[in-house]
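**Q** just need the structure, nothing else, for what follows:
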Amino acid sequence: MNRSLRVLLGVSGGIAAYKSAELVRRLRSRGHAVRCALTRSATSFVTPLTLEVLTGHPVYQEEYLSATGTGEEAHITAAAWAEVLCVAPATTNLIARLALGLGDDFLTTTALAFSGPVVVAPAMHSSMWERETTRRHVEALRRRGVWLAGPVEGPLASGEVGMGRMAEPEAIAQAVEAAVGAGPLSGWTVLVSAGPTHEAIDPVRFIGNRSSGRMGFALAAEAARRGARVVLVAGPVSLATPSGVTRVDVVTAREMERAVREHAPGADLIVMAAAVADFRPSRPAGSKIKKERGLPVIELEENADILAGLREVAPRAIVAGFAAETDDLERNARAKLERKRADFLVANDVSRSDIAFERDENEVTVFRREGPPVFFSRRPKSELSASLFDLFAATLLDRETEPAASPR
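**A** Okay, here's the model as predicted:
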């Protein structure tokens, strides 16, 4: 990023507050000016002096009036100074207060007075993150345009492993920059599909596949980090929505088709990473099929080919598809690239147990309409998503010079 930002960092009282010092260091190393506001409980985990030394500025605490004796309202001054407000860590208590619009301390009052982009990095035990009340408050913040950085799955303060750990400082710093639209894909819209689809056999059974959605979610997160407006159409998976991403949840292939076709006309780049079921039961049972009735006969019918139909609704978009193959990967991938009229076809070998489905790592070969194939060796999906976006973005940005393909 080329431009320096003024970042107001709010720190609430959770054990992850110790990471705020490293977050300040990361932000400053990227050229940004930082000032900090601590809640009363945050001072139990990190001292104001530490953050004052690291930022070079006094730390806001609970004083609403400036110490200069001018009568200046410190929370109004802080809100006016900042270009972006980042709250890290954000406890479940603070998230609730932000969602409800409460202003009962310096940080929440400043948040009410602030009109710019807000980034929130949740940090709490997984049982608290999964509570319905927490989810409602988080969803309220999303609808308001707040960027969510994390949480992520990992070791918790309790010694357990689960979802609720605060995102790492580097990821939060990237979210801060993306929130102000400062990335290289600022002004572009990216549509990503992810996860499986479930096709009902009866009310309790379905036809599905082993897709975890991790690759698609990693790609959506990478697009948002680069400043794009991102729409993620997600099948039935239990993954946290990446920061700055608009998520549309679906279950069946027909629901995914409708959602993709709705958002595709406004997209500049479409990445179809979802593992969409090719077939569905033609007549799902209205009640649970009992085995006492004997072996059922389940007739199947084809689902629509979402990827192949994209050119009808998004003729100018760059389209990347995925191919999960078990044999003759190159021949099948090349044929699919042509048949689907895609610009890129990302092929992986799902017969291997160490990559792809339900794994954190993948190894792929990218077949291109223009240029030779590109091989990416086994690596974490988060790293692979960055490599893939280097390829996709290069083609996308090349079209910026073509008047008919300028950003929508």
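
**Q** quick one: residue 248 from residue 372, how far?
**A** 35 Å (C-beta to C-beta, to the nearest Å). No exception for glycine: its C-beta is placed from N, CA and C like everyone else's.

**Q** wait, residue 39
**A** Distance from residue 39 to residue 372, by C-beta to C-beta: 55 Å.

**Q** dihedrals phi and psi, residue 348?
**A** Main-chain dihedrals, residue 348, degrees, to the nearest 10: phi -130, psi 150.

**Q** contacting residues for it?
**A** With contact set as C-beta atoms under 8 Å, 6 or more residues apart in numbering, residue 348 has these partners: 322, 323, 324, 325, 329, 355, 356, 362, 363, 364, 365.

**Q** tell me which of these fall in strands.
**A** Members of those lying in strands (criterion: DSSP state E): 322, 323, 324, 325, 362, 363, 364, 365.

**Q** any chance of the residues you listed in TSV, with pLDDT and neighbour count too?
**A** Output for the ones in strands among the contacts of residue 348, formatted as TSV (pLDDT from 0 to 100; neighbours: other C-beta atoms under 10 Å):
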residue	pLDDT	neighbour count
322	90	27
323	83	23
324	77	18
325	70	18
362	80	27
363	84	16
364	87	26
365	88	18
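
**Q** out of these, which comes closest to residue 270?
**A** Among those, residue 322 lies closest to residue 270 (C-beta to C-beta), at 11.7 Å.

**Q** residue 186 against residue 228, yeah?
**A** Yes. Assessed by C-beta atoms under 8 Å, residue 186 is found in contact with residue 228 at 7.3 Å.

**Q** looking at those two, which one has more neighbours?
**A** Comparing residue 186 with residue 228 by other C-beta atoms under 10 Å, the one with more neighbours is residue 228, at 31 against 14.

**Q** which residues sit in contact with the more buried one?
**A** Per C-beta under 8 Å, 6+ apart, neighbours of residue 228: 183, 185, 186, 188, 189, 190, 269.

**Q** using a markdown table, lay out the residues you listed together with secondary structure.
**A** Shown next, in a markdown table, are the contacts of residue 228 (DSSP: H, G, I helix; E, B strand; the rest coil):
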| residue | secondary structure |
| --- | --- |
| 183 | coil |
| 185 | coil |
| 186 | coil |
| 188 | coil |
| 189 | strand |
| 190 | strand |
| 269 | strand |
